[in-house]
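Undergrad: based on what follows, work out the 3D shape:
(one chain, ligands or ions: 1)
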Amino acid sequence: MTCDFISLVSGNIASLQPYRPGKPIEELERELGITDIVKLASNENPLGPGPMAREAIARCIEDIGRYPDGNGFVLKQALASHLSASGPEVTSAMITPGMITLGNGSNDVLELIARVFATPAHEVVFSEHAFAVYPLVTQAIGARGVMVPAVRWGHDLPAMLAAITERTRIVFIANPNNPTGTWINTGVLDAFLAAVPETVLVVVDEAYREYIEATDYPDCAQRLSEHPNLIVTRTFSKAYGLAGLRIGYAVSHPDIADLLNRVRQPFNANSMALAAATAALTDTAHVRETKRLNDAGRQQLTDAFHGLGLDYIPSAGNFIAVDVGGSGEAVYDALLHKGVIVRPVGNYGLPNHLRVSIGFEQENARFIRALQESLI
Ligand SMILES: *Cc1c(COP(=O)(O)O)cnc(C)c1O
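TA: Numbers count the residues shown, from 1 in each chain. Sure, this is the predicted structure:
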């Protein structure tokens, strides 16, 4: 008889539900024997990486036999000058390489933050309908997750502030949030930051910041000098089109970066990702084209939702959560059989919605046709 391994682990690990990723195209091909599949399930950039990143990736093959630079010197330099120069506000903050922590995707960084700062004696606050990784990393370390009810699908920052206790170590905020696409404006965020005790780390996850250009969208990298307990996380997986390479980062007070760097794996950012991300930062034309495509696709999809009489959550990201009225899972399944992969979001407390990533015009059109046929 084999050992009951589950009995060896703590309750928080035993009851963990693994992250549910978007279904890979190859898996659906195997399962249903269909080809010509459209995947709009993981908020990937339909354009993929831009020409500059592609060139850097090709050049990098020569160096792949060597370990990467464990300190990511070149990318941190590039990020520091990019972040110091790119603030939309009048005075740009001074960001130094010592304030940056690189990760194997920003997911890696989110987990590092939880591991470094929270223990089973602590609480971690996040919103209902927020990114699934926050409760996951909280539970994995045995800390207590405190989920604050959302208001109109968005974060209720005053309620999140009220949920902070002496045991709270971390507050996770997604701005914009995935899967709802809701976002928090400058006034609301600044009021929150001003009121949070400085022993509580506020993590603002800006994975989709490149897609939003509202003038009252708060750039948190600009707020670090005023709020030393603030950590901003960003990624190259979305607008920069490098999801498969896994590269993201945090910007924070240098003392926080130092702590995160003690815990991370020595080579958590790989050579190709470092090279591609450094090149991608200079490719402003690609980010601009990405945004143009996304804006057009968002319009195409929301026009179609209006036509079909479907409610949706207005989104600032590269995806939209649409209310398919009835069971999201059933419509998801029907779409799969038509070769269209989207994301069911019942596990986010949104059983009637599906999240669709914004793709190329043809892909969006294919989804709309399939959706129309799948609605009962
Ligand atoms: C996609 C996403 C991330 C990060 O993805 P990585 O690929 O790990 O960088 C982080 N936060 C949110 C809200 C996301 O949607």
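
Undergrad: make it CA atoms for all contacts and neighbour counts henceforth
TA: OK.

Undergrad: quick check, central residue of this structure?
TA: The residue lying closest to the centre of the chain (CA atoms, centre = their mean) is A207, at 4.4 Å.

Undergrad: which SS state does it fall under?
TA: Under DSSP: H, G, I helix; E, B strand; the rest coil, A207 falls in the coil class.

Undergrad: phi first, then psi, for it.
TA: With angles defined as degrees, to the nearest 10, A207 sits at phi -60, psi -30.

Undergrad: do the same with V203
TA: Main-chain torsions, V203, degrees, to the nearest 10: phi -100, psi 120.

Undergrad: related to what we said a few turns ago, how about the residue nearest to the centre of the chain, what does it touch?
TA: A207 is in contact with 174-176, 233-235, 238, counting by CA atoms under 8 Å, 6 or more residues apart in numbering.

Undergrad: which stretches of the protein form helices?
TA: Using DSSP state H, the helices assigned to the chain run over residues 11-14, 25-32, 51-60, 73-85, 106-117, 133-140, 157-162, 186-195, 254-263, 271-282, 284-308, 328-337, 361-374.

Undergrad: for the fifth one, the distance to its chain's centre please.
TA: In this case it means helix 106-117. Put simply, helix 106-117 sits 13 Å off its chain's centre (CA atoms, centre = their mean, to the nearest Å).

Undergrad: what's it packed up against?
TA: Under the contact criterion of 3 or more CA pairs under 8 Å, 6 or more residues apart in numbering; DSSP states H and E, helix 106-117 touches strand 100-103, helix 133-140, strand 168-174, strand 230-235, strand 248-251, helix 254-263.

Undergrad: columns mean pLDDT on top of those, output as JSON lines?
TA: Below are the helices and strands packed on helix 106-117 laid out as JSON lines (pLDDT from 0 to 100):
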{"stretch": "strand 100-103", "mean pLDDT": "98"}
{"stretch": "helix 133-140", "mean pLDDT": "96"}
{"stretch": "strand 168-174", "mean pLDDT": "98"}
{"stretch": "strand 230-235", "mean pLDDT": "98"}
{"stretch": "strand 248-251", "mean pLDDT": "98"}
{"stretch": "helix 254-263", "mean pLDDT": "97"}
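
Undergrad: ok, which of the ones you listed comes nearest A78?
TA: Nearest of the helices and strands packed on helix 106-117 to A78, taken as CA to CA: strand 100-103 at 10.8 Å.

Undergrad: in CSV, could you pull the C-alpha coordinates for that closest one?
TA: This file holds the C-alpha atoms of strand 100-103, laid out as CSV (Å, rounded to 0.1, in the frame of the first residue of the first chain):
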residue,chain,number,x,y,z
ILE,A,100,13.8,46.4,-9.4
THR,A,101,13.2,42.6,-8.8
LEU,A,102,13.0,40.4,-11.9
GLY,A,103,10.8,37.4,-12.0
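
Undergrad: is the ligand within reach of that strand?
TA: No - Strand 100-103 does not reach the ligand (CA under 6 Å from any ligand atom); its nearest approach is 8.1 Å.

Undergrad: returning to what we had before: just put the helices and strands packed on helix 106-117 in TSV and tack on mean neighbour count.
TA: TSV is the format used below for the helices and strands packed on helix 106-117 (neighbours: other CA atoms under 10 Å):
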stretch	mean neighbour count
strand 100-103	28
helix 133-140	21
strand 168-174	24
strand 230-235	25
strand 248-251	27
helix 254-263	17
